[in-house]
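Peer 1: need a structure here:
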Amino acid sequence: MTDTQPVRSSVAKAVIPAAGLGTRFLPATKAMPKEMLPIVDKPAIQYVVEEAASAGLSDVLIITGRNKSNISNHFDSVPELEYALERKGDEGKLAKVRESSNLAEVHLLRQGKPAGLGHAVACARRHVGDESFAVLLGDDLIDDRDPLLDRMIAEHDARGATVIALMEVPQESIHLYGCAAVEPTDDPDVVRVTGLVEKPSAEEAPSNLAVIGRYVLRPEIFDILDDLEPGRGGEIQLTDALNQLAEGKGDGPVYGVVFRGRRYDTGDRADWIKANVLLGVDHDELGEEISDWIIDFAEQLRARRSDG
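Peer 2: I've put the predicted structure just below:
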């Protein structure tokens, strides 16, 4: 009898672009990276690194910009703090402090100038090498109860394809996203992508499937990005490169996995607040207290509105 070995995925590295200026959160992000804004009790970027690690991607490259040293510090060890917690015997807080340092092998690379998402991904070429890799945007949080990346990697391995994450959105909201033209497959949650349009009008949109911030990319993306002319906003757009692949200008096809789970957009102020509430009510320590407060506050708010 022979032991069966688990099949090893061809994807082992994750890239997290985190060089944006976070202008929508000013003045909070004047001196703090938007990726370090807390969601309940962890910075947003830790959730993203945790997602990569849970999918087996233990090598994580974070693309940073100016004033982003806090990100590096967060994933580094802090001996003085750990020593103080050890002396106090506070094992719970000590474990939380050490958790971020032990999640993955985290590397940081500074993007010289904020020239678009495509440029940020291109900066990862030397680190990634001639391998497929995942890209996770730091302001898109995927609830860990609704795993997405594992499915995308499985589809990449099975089809030899670039795989992007898609989500159904109302037609009136499609202008806020990249939008995919698709063909169905024998799986209702997987589509063949034939083209991509960046932020189309509702009338011009080829579908109601929006691109969200998860990608599993074949290394051929780097050659496409190298030859790409600046697009919207004068920046190198990843959507433009993916569109070329979808149109058959690469060696592999493009597929989309339609995500139907819980996603939190932490790059928007209102959605960031909602993410804190939605994840807060499910928090092991804080959930009951927050839930009770929300119910009480909702009743007060309803009464205030009826009086007004």
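
Peer 1: Only C-alpha atoms from now on, for both contacts and neighbour counts.
Peer 2: Will do.

Peer 1: Do a quick rundown of the helices in the protein.
Peer 2: Using DSSP state H, the helices of the chain run over residues 44-54, 69-74, 79-88, 91-102, 117-122, 125-128, 149-159, 221-226, 238-246, 269-280, 287-307.

Peer 1: and the angle for the fourth one with helix 44-54?
Peer 2: Helix 91-102 runs at 70 degrees relative to helix 44-54, counting by axes from the mean of the first three to the mean of the last three C-alpha atoms, to 10 degrees.

Peer 1: ok, residues contacting helix 91-102?
Peer 2: Surrounding helix 91-102, the residues in contact under the criterion C-alpha atoms under 8 Å, 6 or more residues apart in numbering are 46, 74-77, 82, 85-86.

Peer 1: is it possible to export these to a markdown table including distance to residue 166?
Peer 2: Output for the contacts of helix 91-102, formatted as a markdown table (distance: C-alpha to C-alpha, whole Å):
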| residue | distance to residue 166 |
| --- | --- |
| 46 | 23 |
| 74 | 30 |
| 75 | 30 |
| 76 | 33 |
| 77 | 36 |
| 82 | 41 |
| 85 | 43 |
| 86 | 45 |
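
Peer 1: Buried members of those residues into ChimeraX, please.
Peer 2: The ChimeraX command for the buried members of these (criterion: 16 or more other C-alpha atoms under 10 Å) is given here:
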select :46,74,75,77,82,85
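
Peer 1: hang on, the earlier thing: can I get the helices of the chain in JSON lines with mean pLDDT and distance to residue 199?
Peer 2: JSON lines is the format used below for those (pLDDT from 0 to 100; distance: least, C-alpha to C-alpha, whole Å):
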{"stretch": "helix 44-54", "mean pLDDT": "94", "distance to residue 199": "25"}
{"stretch": "helix 69-74", "mean pLDDT": "84", "distance to residue 199": "30"}
{"stretch": "helix 79-88", "mean pLDDT": "83", "distance to residue 199": "46"}
{"stretch": "helix 91-102", "mean pLDDT": "84", "distance to residue 199": "35"}
{"stretch": "helix 117-122", "mean pLDDT": "92", "distance to residue 199": "15"}
{"stretch": "helix 125-128", "mean pLDDT": "93", "distance to residue 199": "27"}
{"stretch": "helix 149-159", "mean pLDDT": "95", "distance to residue 199": "23"}
{"stretch": "helix 221-226", "mean pLDDT": "94", "distance to residue 199": "20"}
{"stretch": "helix 238-246", "mean pLDDT": "93", "distance to residue 199": "10"}
{"stretch": "helix 269-280", "mean pLDDT": "92", "distance to residue 199": "19"}
{"stretch": "helix 287-307", "mean pLDDT": "91", "distance to residue 199": "35"}
